[in-house]
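1. Build me a model from this:
(chains A and B)
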Amino acid sequence: MSDETADAATGETDARLRAVIDEYMGAFEPDPEDSAGLRERILRLVRDDAVLAPSTRLLSERGNPFRITTATVREIVRAAVDAVDGIRARSVTVTPSGEPEGSTADVGLTVAMRAGVEFVPAAEEVRRAIARDLDAELGIPANRIDITAEDVFVSEDADTDAAGSRAAGSEEAADD
Amino acid sequence: MTEPRTSAGKTAEAQASAGPSTGAGAQENGERVVSTQLTESVTGIGGVTGLAPGLRDMVATAAARVMRRPAGGPPCVDVARSDDGWSVRVDAHLDDSRSVSEIVDELFAVIAVDLRALIDGPVGDIDIDVRVVSRGR
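-> The predicted structure follows:
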């Protein structure tokens, strides 16, 4: 995902951040014992907070730029994928795309599929669900959606059914 | 998009305070007045459930942590005036009643209208930085 990495987030905010800290310090006289290295300690704390919540840059329908936390975008995509029967999202990446950049989004995801599910029709359903939800919830059209199936799982229902059959079989055997 | 809610028309005192002034203290006061009004307008927009700490709030909170003092008030819209114009930063929590894009467009519209209503004189460039922090259900 086109996240603000630690470096990017730091670079973006540093000048503004230092100005805000200067402004804060100008309006507030710390005690002498508090003032040693205070600016740098504040800067480090705020940087750490910024790194914890990376963002993705997108453009609204009217072309207004905004940032949204990467976790929020991933959550929208994950919910769309998980709503498709037999498919579970694993890793999700969303990259701003289009002209101008951020007017559309490229999505890449890896999924796990339930055993017996056909990949091609399921993938098409996943694409439709992601495109629909990105448009409805973010207001950003999907430009490209790449799906990689990286694992197969056996459904819990199938496990339960199989366990039930095995138990029934054992009882029948015991009755015999 | 719903009609932008603005604080125009109820801010005569704010307008006077936020107008052209001299000195860092006066500028800071003007920024604070504008921030208060924009915070009220922004949090009244449908789909905005609250504000997250912006840079100033984060600095105040970090300073409070470093110096083991109580933090400041609730988060508000970050406003800064420069020679070229105004910078506004909004860190917002949203709900899922509307698309993010729709809410962002209304935020831009409301902020621009409010700033022009609040500032006595030319506003200059308006740089709006919107960050969506979360989107609840």
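2. Which of the helices or strands spans residue 128?
-> Just so you know, I chose chain A. Using DSSP states H and E, A:R128 falls within helix A:119-133.
3. oops, chain B please
-> strand B:125-135.
4. can you list the domain ranges for chain A.
-> A:6-53, A:70-158 (automatic domain parsing).
5. Comparing those by mean pLDDT, which bottoms out?
-> Lowest mean pLDDT within these: domain A:6-53, at a mean of 66.
6. ok, back up a step: show me the contact partners of the strand holding B:I128.
-> For strand B:125-135, the external contacting residues (Cβ atoms under 8 Å, 6 or more residues apart in numbering or on different chains) are A:53, A:55, A:64-69, A:72, A:75-76, A:137, B:52, B:84-96, B:100, B:104, B:107-108, B:111-112, B:115. (Each C-beta comes from the backbone N, C-alpha and C, glycine too.)
7. Report how many residues lie close to the closest residue to chain A within chain B.
-> Proximity to chain A, evaluated over chain B using Cβ to the nearest Cβ, is greatest for B:S101 at 2.4 Å. Using other Cβ atoms under 10 Å in any protein chain shown, B:S101 is surrounded by 21 other residues.
8. now A:R144
-> For A:R144, using other Cβ under 10 Å, the count is 12.
9. is chain B contacted by the helix or strand where it lies?
-> Assigned by DSSP H and E, A:R144 belongs to strand A:142-153. No - Strand A:142-153 lies apart from chain B when judged by Cβ under 8 Å from any Cβ of the partner chain; the minimum separation is 13.4 Å.
10. Enumerate the positions of that strand that are buried.
-> Residues of strand A:142-153 classed as buried: A:142-143, A:145, A:147 (neighbour count, 16 or more other Cβ atoms under 10 Å in any protein chain shown).
11. for stretch B:121-137, same thing?
-> Neighbour counts over stretch B:121-137 (16+ other Cβ under 10 Å) mark B:126, B:128-135 as buried.
12. Just the mean pLDDT for that stretch, thanks.
-> The model assigns stretch B:121-137 a mean pLDDT of 90.
13. tell me which parts of chain B are close to chain A?
-> Within chain B, the positions lying close to chain A (Cβ under 8 Å from any Cβ) are B:24, B:28, B:55-56, B:58-60, B:62-63, B:65-67, B:80, B:96, B:99-102, B:104-105, B:108, B:128-135.
14. ok and the residue in chain A nearest chain B?
-> At 2.4 Å from chain B, A:G139 is the closest residue in chain A, using Cβ to the nearest Cβ.
15. residue ranges for the strands of chain A, please.
-> A:55-59, A:65-69, A:87-97, A:104-114, A:142-153 (DSSP state E).
16. Just put the ones you listed in TSV and tack on distance to A:R44.
-> What follows is the strands of chain A, written out as TSV (distance: least, Cβ to Cβ, whole Å):
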stretch	distance to A:R44
strand A:55-59	20
strand A:65-69	21
strand A:87-97	29
strand A:104-114	33
strand A:142-153	38
